[in-house]
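Participant: Sharing a model prediction with you, sequence too.
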Amino acid sequence: MKFWELAKRNLKETYRDPLALGFLLAFPLLFMVLFGAIFSGDTISSYPIGVIDDDDTPLSQAFVDDTLADVPTLEVANYDDAVTAMKDLKFGDLKAYIVIPQGFGEQVSQSWEGKETNITLDITYDESDLMLSEQIISIINAVTRSFARIEIPVTINANPIHIETEITFIDYMGPGIIIFGLLILIPTSARIMVSDKEKGFMSRLLTTPARPLDFISGYSLCLVVIAIIQIIIFIAAARGFGMDIVGNLWLAFLIFLLTGLCSIGIGMVVASLSKSENQAEPLCWLFSMPLAILSGVWFSIEMLPSYLRAAAYAFPYAHAIDASRAILTRGVGLEAISNDFLFLIGWAIAIFAIGVILFRRSMRS
Amino acid sequence: MTSHRMEPARVKDDTFAIQTYQLTKIFNSVVAVDGIELNIKKGELFALLGPNGAGKTTAINMLCCLLKPTSGTATVMGYDINHQPFKIKEIIGVSPQETAISEHLNAQENLNLIGKIHGISSRELKIRSQRLLETMGLTGRVKDQVRKFSGGMKRRLNVMMALIHNPEVLFLDEPTLGLDPQARRAIWEYIVQLKGEKTILLTTHYMDEADFLADRIGIMDEGKIVALGTSTELKTSMLEKHTMIVHALNLTQKGIDEMRSRYAEVEVTNGTITVTDKQLDFKEIVDRLHSSGAVVRSAHTKEPSLDDVFLHITGKELRE
């Protein structure tokens, strides 16, 4: 139980250092409050969007009249042709318009029967306002997906889709902000180990019979406790700013914890490669900042070119955002996010294995 | 017939606790430790004496399995540093040059951490740490976080942490670095108590420390052991010349000339005559001066210091 002794020591070192502890807890809270304040609330005015229903089936009508019309942030107007809609878009009267193609109703009903479908909607929008268009696309995307994914066949009129009608900006942004907070665990993790290296305490520990795995797990265990407290703060703050939790909170918590573990693992790898805080710190930010941008913390990565998207999905954070967003805003279960879930587990195991190997190598140079 | 490259024959002897075989460490083409050969007996207190940058800490770090030798090897209690590092880590205690303690833990918790990693039971730890804290005079501050300790207290704890698991071999890297004379004395006294019980390898750049504590001294310079022996051996046998200083009244030119004709170097300043030669006979010199009419007030032979030894061998002064 050498790792347990190391973990206990690391925890004591952390909670007895008021400055470090304050930073660990206050920093995430501070930025959660900041971003929460920016993205929360119903202050966003509704966006006028046009709809051209080329399908004109009862299903497509229900989609337009009941579902889309119920979204508070959308102000839906019907158009007969694309030319008029385009004109209004250019004049700024519309922020976007949607064309519902023929066969939409057919596809949706097939989807309800559990068959494979390919539902498309054409959205034309003003790309000069990136945030706005991004938001509109994500709202319509979410609305359409849940409209089509309803599992039990229901009659059109009895089709209350309550989830997505309430999607607000904070619902959409919340998981991303939480993941960003967990990305910042990378420098935190590295710092805890590297400062021991710098002060020479690590050298003393390395003359004891403790093994590489004892060290990695001893430091990580302390950081897992920090991660759990941070996740609780994040979720509570996001909730405070009005983020709705539709799905299973424990499942989302598990996703966040796995994400935290991946960050801790990256931190351990960086710490194993660095000799001083001056080396570790920039290396960590070099990792976490591009990853934050790439993984879709602030916007959906649907917009990224395919090679960047592939790069983003090579790391756990894009998966974590997808999965937690699906759980929290759409209420999906484990089976719907099983791929992301397994990816996170695999990644966490791999990064810790690399951490142990690198630590073993750095033990004796 | 195939020929085998034979490793050089090693004298394995269980009277030795530490043996090094051409132990070498090169950092980016800088040779920090240059093929040192040491045999340290069980129960011996051996001091590596040398200026900063001589390679003492690098040598100790290789023996503690913190650094891999570039070439050569060593054994600690028969275990090879290249192949059995964890066996060695179980039986050694190390007090590093920097005070490596956990600042937000108290003295007891610091001792417990090292003890528990070595698998010592809580009950046993309590007894041992109590004894250590008493000897080192830290009993009154046992509950204080060690960041509030003075430099001397931290150093003492640093040494205690190397001892809590009762190791067979103790490495003390500059145990009194930067301490005031009183605090140094306190640590010396404790180290003296351990003599004979444990094998101790101590590094220092303080001559008086090596002189006072060590059974044998290895003088290290630029990665090499340049001289080896007991303090007395080093001082007497390493010096080719001896010096005698005589304070006398009525020194005559004739008397001085006579001295100059007999001895290699004779210097006279204000009634003090300094005579240096390979062989000096105390009585003979005093008698000669007397017979020349001088009145000898005092006379003494100048004892060589380790610094003289170091200067003699390396041409450099040991920095205090």
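Facilitator: Yep, it's here. Residues are numbered from 1 along each chain as shown, chains lettered A, B, ... in the order given.
Participant: just the helices in chain B please.
Facilitator: Ranges of helices within chain B are B:56-63, B:85-91, B:107-117, B:122-135, B:151-163, B:181-194, B:207-213, B:231-237, B:253-262, B:282-291, B:306-314, based on DSSP state H.
Participant: which residues touch the fifth one?
Facilitator: Okay, so that is helix B:151-163. A:204, B:93-96, B:99-101, B:107, B:110-111, B:114, B:129, B:132-133, B:136-138, B:141, B:146, B:149, B:170-172, B:175-180, B:182-183, B:186-187, B:190-191, B:194 (CB atoms under 8 Å, 6 or more residues apart in numbering or on different chains). All C-beta atoms are positioned from the backbone trio N, CA, C, and that covers glycine.
Participant: how about a cut-off of 6 Å?
Facilitator: B:Gly93, B:Val94, B:Ser95, B:Thr99, B:Ile101, B:Ala107, B:Ile114, B:Leu132, B:Met136, B:Pro175, B:Leu179, B:Ala183 (CB atoms under 6 Å, 6 or more residues apart in numbering or on different chains).
Participant: about what we covered before: tell me which of the helices of chain B is the most buried.
Facilitator: helix B:56-63 (a mean of 25; mean count of other CB atoms under 10 Å in any protein chain shown).
Participant: how is the chain carved up into domains?
Facilitator: No chain was given, so I picked chain A. A:2-39+A:170-363, A:47-165 (automatic domain parsing).
Participant: that answer is for a different chain, and I need it for chain B
Facilitator: Taken from automatic domain parsing, chain B resolves into B:16-236, B:240-303.
Participant: got these as TSV, with mean pLDDT columns?
Facilitator: Listed next are the domains of chain B as TSV, based on pLDDT from 0 to 100:
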stretch	mean pLDDT
domain B:16-236	91
domain B:240-303	85
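Participant: JSON lines for those domains, including distance to A:Asp56?
Facilitator: Shown next, in JSON lines, are these (distance: least, CB to CB, whole Å):
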{"stretch": "domain B:16-236", "distance to A:Asp56": "71"}
{"stretch": "domain B:240-303", "distance to A:Asp56": "114"}
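Participant: which secondary structure element contains the spatially closest residue to A:Val269 that is not a sequence neighbour?
Facilitator: Nearest residue to A:Val269, sequence neighbours excluded (CB to CB, 6 or more residues apart in numbering or on different chains): A:Gly355, at 5.0 Å. Element membership of A:Gly355 [criterion: DSSP states H and E] is helix A:338-363.
Participant: pLDDT of that helix, averaged?
Facilitator: For helix A:338-363, mean pLDDT is 94.
Participant: Which stretch among the helices of chain B approaches A:Leu185 most closely?
Facilitator: helix B:107-117 (24.7 Å; CB to CB).
Participant: could you check the distance from the nearest residue to B:Gln130 once chain neighbours are set aside over to B:Gln108?
Facilitator: Excluding the flanking residues, the one nearest B:Gln130 by CB to CB, 6+ apart is B:Thr139, at 7.8 Å. As for B:Thr139, its distance to B:Gln108 is 10 Å (criterion: CB to CB, to the nearest Å).
Participant: and what of A:Ile349?
Facilitator: Applying CB to CB to A:Ile349 and B:Gln108 gives a distance of 37 Å.
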